[in-house]
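Undergrad: sequence and predicted structure, then a few things I'm wondering about:
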Amino acid sequence: MSEPSLFSAEALLRASLEVALAPVTGPLIVAVSGGRDSMVLLQAMARWAPDRIAAVATFDHGTGPHATEAASLVAAESRRLGLTVVRERSRTPGHSEAAWRTARWDFLHRIARAYRARVATAHTRDDQLETVVMRLLRGAGARGLAALAASSPVVRPWLGVSRAELARWAVLEKVAYLDDPMNASRAYLRGRVRHELLPALEAATPGFSDQMVALADQAAAWRRDVERHVDTLGLTVSASLTRVSCPTAALTSTSPEGRRVLWPAICARAGVTLDAKGTHALETFTTHGRVGTSLRVSGGSVVLRRRATAAEPPGERFEVRRASRRAAGGASPVALGVWSGVWEALPARVGRFRWHRLLTAAPVGDAAPNDLWMMGLPRGEQVSLRVWTAGDRIRTAGAPAGRRVTRYLSEVQVPVLDRPTWPVLLVDHEPVWVPGVCRAIAAPSRPGRSELIWYRCEPECD
């Protein structure tokens with residue numbers, strides 16, 4: 001090979017890497033499988049951006065000797081380059097592309113969180129083309145056709161580079177790598193698309209591949225426009241990124257076509273991917289769902305319609321809840337099983353509710369009769385806190401003989417999904433306060449009682 005060829009390949013890869021890393025702040029976890037494309041990424045970053053590498057991550061899927069040998073190659077080469085390497089082997093080998101992808105990404109996300117870094121992968125232009133065609137075969141809409149070009153925290157320096165260009169640099173630089181036997185297999189859809197469908201389509205329609213990549217770029221640009229609009233809707237996203245809510249008016253005031261565009265983007269903020277069936281069901285739910293009702297969508301996730309909490313602007317909201325919840329960072333809250341103790345020792349957070357001890361009781365006392373989120377009891381009062389159960393009854397001013405708490409929950413339109421986790425405060429085993437719902441008839445400030453300690457309860461998304 002001539003020197004100009006080497007320079008040309010090097011210039012292309014270095015420019016692609018610099019462009020991809022320019023808007024990215026902070027360290028990176030470099031995902032390396034041992035295949036040619038990822039080993040080229042490892043060598044390129046070690047040469048031109050070594051200070052950006054927090055660690056190299058390699059995952060052995062446990063599918064056989066090749067997978068273990070590839071992980072060993074990555075580990076050895078990373079150490080030779082003076083880089084930290086994290087290696088892990090799957091304990092339960094999967095048997096499908098989806099299972100392998102899920103296991104690999106669970107590992108990469110976990111390592112990225114540990115290093116407070118973003119993941120960099122070696123996906124190429126060819127990977128993008130194959131993904132777009134596969135999504136077309138599955139009936140994806142404009143949002144899905146953006147594929148790997150969609151905005152993402154994942155950094156993909158080679159997305160505009162072909163496998164052939166990476167192969168040329170790998171030969172010139174004598175990059176060590178292992179060919180995955182699965183790359184030549186037709187057993188899975190991606191292999192059939194790569195080796196059979198795409199060559200046939202390109203032969204029948206020259207330029208087909210370029211057209212598909214251009215289509216994906218257009219879809220990605222459209223998707224970014226949608227995301228910018230969603231940013232203006234007044235969404236609230238939980239710290240764990242598993243729940244998102246928005247004012248109902250943001251969707252009810254939109255056309256049916258607009259709702260079918262907005263709902264997938266809103267759900268994605270909670271990590272929920274909608275299919276066509278779920279999108280159409282949500283479009284109907286927008287106008288027909290009542291406060292307190294819910295709809296189950298893709299993967300067991302739920303969308304409900306509820307009233308705003310005290311911490312949110314007044315009105316009604318739609319809330320998306322992802323099915324598989326992951327713990328948010330920070331201190332773990334006290335689980336809402338049964339807590340007992342003196343009133344003034346109430347934990348700051350129990351379950352998904354915060355309990356704020358108020359510094360002054362004077363102004364609160366006047367507001368308390370009308371604010372069911374506040375309660376005052378004497379210092380030293382023994383109380384217990386647990387979740388609501390179906391048989392709970394409470395004696396209130398409107399029902400001095402006692403009434404089922406479930407009726408009060410219905411009247412204030414607490415969603416059915418939330419009731420099993422709603423807190424009930426008891427004194428002498430008798431419910432005296434259901435925050436935001438009802439309080440017992442006994443006035444805590446009656447004569448002869450000592451100074452009261454006041455708390456305000458606030459529900460959270462997580």
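TA: Structure's in. What do you need?

Undergrad: any idea of the mean pLDDT for stretch 130-141?
TA: Stretch 130-141 comes out with an average pLDDT of 93.

Undergrad: ok now that stretch, how far from the chain's centre?
TA: 23 Å (CA atoms, centre = their mean, to the nearest Å).

Undergrad: contacts for it, please.
TA: Residues outside stretch 130-141 that contact it (CB atoms under 8 Å, 6 or more residues apart in numbering): 144-145, 147-148, 189-190, 193-194, 197-198, 201, 212-213, 215-216, 276. In short, each C-beta sits where N, CA and C put it, glycine included.

Undergrad: likewise for stretch 19-32?
TA: Contacts of stretch 19-32 (CB under 8 Å, 6+ apart): 38-39, 41-42, 45, 49, 52-58, 74, 78, 86, 104, 108, 111-112, 115-122, 155-157, 159.

Undergrad: try it again with 7 Å
TA: Defining contact as CB atoms under 7 Å, 6 or more residues apart in numbering, one finds that stretch 19-32 is touched by 38-39, 41-42, 45, 49, 52-58, 74, 108, 111-112, 115, 117-121, 155-157.

Undergrad: re earlier: farthest-separated two in the contacts of stretch 130-141?
TA: For these, the farthest-apart pair by CB to CB is 194 and 276; their separation is 26.0 Å.

Undergrad: more neighbours: those two, which one.
TA: More crowded of residue 194 and residue 276, by other CB atoms under 10 Å: residue 194, with 22 against 12.

Undergrad: quick one, what contacts the more buried one?
TA: Contacts for residue 194 were tallied using CB under 7 Å, 6+ apart; they are residue 130.

Undergrad: check residue 112 too.
TA: 29, 118-119.

Undergrad: output the longest helix belonging to this protein.
TA: The single longest helix within the chain, with elements called by DSSP state H, is helix 208-230.

Undergrad: quick check: what element follows the helix or strand hosting residue 106 along the chain?
TA: Using DSSP states H and E, residue 106 falls within helix 97-115. Beyond helix 97-115 in the direction of the C-terminus, DSSP H and E gives the next helix or strand as strand 118-120.

Undergrad: give the other helices and strands that that next one contacts.
TA: strand 28-31, helix 97-115 (3 or more CB pairs under 7 Å, 6 or more residues apart in numbering; DSSP states H and E).

Undergrad: can you tell me which of those is most buried?
TA: strand 28-31 (a mean of 26; mean count of other CB atoms under 10 Å).

Undergrad: circling back: just the CA coordinates for the helix holding residue 106, please, in CSV.
TA: Once non-C-alpha atoms are left out, helix 97-115 reads as follows in CSV (Å, rounded to 0.1, in the frame of the first residue of the first chain):
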residue,chain,number,x,y,z
GLU,A,97,-30.1,-11.6,19.0
ALA,A,98,-32.5,-9.7,21.4
ALA,A,99,-31.3,-11.7,24.4
TRP,A,100,-27.6,-11.1,23.6
ARG,A,101,-28.3,-7.4,22.9
THR,A,102,-30.1,-7.0,26.3
ALA,A,103,-27.4,-8.7,28.3
ARG,A,104,-24.6,-6.7,26.6
TRP,A,105,-26.3,-3.4,27.1
ASP,A,106,-27.2,-4.1,30.7
PHE,A,107,-23.5,-4.7,31.3
LEU,A,108,-22.4,-1.6,29.4
HIS,A,109,-24.9,0.7,31.2
ARG,A,110,-23.9,-0.7,34.6
ILE,A,111,-20.2,0.0,33.9
ALA,A,112,-21.0,3.4,32.5
ARG,A,113,-22.9,4.3,35.7
ALA,A,114,-20.0,3.1,37.8
TYR,A,115,-17.5,5.4,36.0
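
Undergrad: mind listing the strands for the stretch 151-300 of the chain?
TA: Secondary structure of the stretch 151-300 of the chain, counting by DSSP state E, counting those that start in this stretch: strands at 236-237, 243-247, 294-296.

Undergrad: and the angle from the second one to helix 208-230?
TA: Read that as strand 243-247. With axes from the mean of the first three to the mean of the last three CA atoms, to 10 degrees applied, the angle from strand 243-247 to helix 208-230 works out at 60 degrees.

Undergrad: give the rounded mean pLDDT of strand 243-247.
TA: Mean per-residue pLDDT for strand 243-247: 94.

Undergrad: quick one: contacts of that strand?
TA: Strand 243-247 has contacts (CB under 7 Å, 6+ apart) with 233-237, 266, 269-270, 315, 317-322, 461-462.

Undergrad: filter these down to the buried ones.
TA: 235-236, 266, 269-270, 317-322, 461 (16 or more other CB atoms under 10 Å).

Undergrad: in these, find the pair that's most separated.
TA: Pairwise over these, using CB to CB, the maximum falls at 317 and 322, 16.4 Å.

Undergrad: mean confidence (pLDDT) on the longest helix of the chain, please.
TA: The model assigns helix 208-230 a mean pLDDT of 96.

Undergrad: so which of the contacts of strand 243-247 are in helices?
TA: residue 266.

Undergrad: so what sits opposite residue 85 in the bridge?
TA: Beta-bridge partners for residue 85, by DSSP bridges, are residue 56.

Undergrad: same question for the one 4 residues further on.
TA: According to DSSP bridges, the residues that bridge with residue 89 are residue 60.

Undergrad: and it, how far is that from residue 62?
TA: Residue 89 is 6 Å from residue 62, where distance means CB to CB, to the nearest Å.

Undergrad: just for the stretch 301-450 of the chain, where's the confidence low?
TA: The stretch 301-450 of the chain contains residues with pLDDT under 70 at 324-337, 359-369, 442-450.

Undergrad: how about a cut-off of 50?
TA: Low-confidence segments of the stretch 301-450 of the chain, defined by pLDDT under 50: 325-333, 362-366, 443, 445, 447.

Undergrad: using the record's assignment, carve the chain into domains.
TA: As recorded under automatic domain parsing, the domains making up the chain are 3-221, 233-321, 338-459.

Undergrad: can you redo those domains as a markdown table with distance to residue 227?
TA: Converted to a markdown table, those look like this (distance: least, CB to CB, whole Å):
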| stretch | distance to residue 227 |
| --- | --- |
| domain 3-221 | 7 |
| domain 233-321 | 6 |
| domain 338-459 | 28 |
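
Undergrad: can you get me a residue count around the nearest residue to residue 285 once chain neighbours are set aside?
TA: Once flanking residues are discounted, residue 285 sits nearest to residue 295: 4.7 Å by CB to CB, 6 or more residues apart in numbering. By the measure other CB under 10 Å, the count of residues near residue 295 is 18.

Undergrad: residue 295 and residue 260, how far apart?
TA: 15 Å.

Undergrad: what do you get for residue 49?
TA: Counting by CB to CB - residue 49 and residue 260 are separated by 41 Å.

Undergrad: next: residue 133.
TA: On the measure of CB to CB, residue 133 and residue 260 end up 24 Å apart.

Undergrad: more neighbours: which of those two?
TA: residue 133 (23 against 18).

Undergrad: wait, doesn't residue 323 sit right on residue 299?
TA: Yes: Residue 323 is within contact range of residue 299, at 5.2 Å (criterion: CB atoms under 7 Å).
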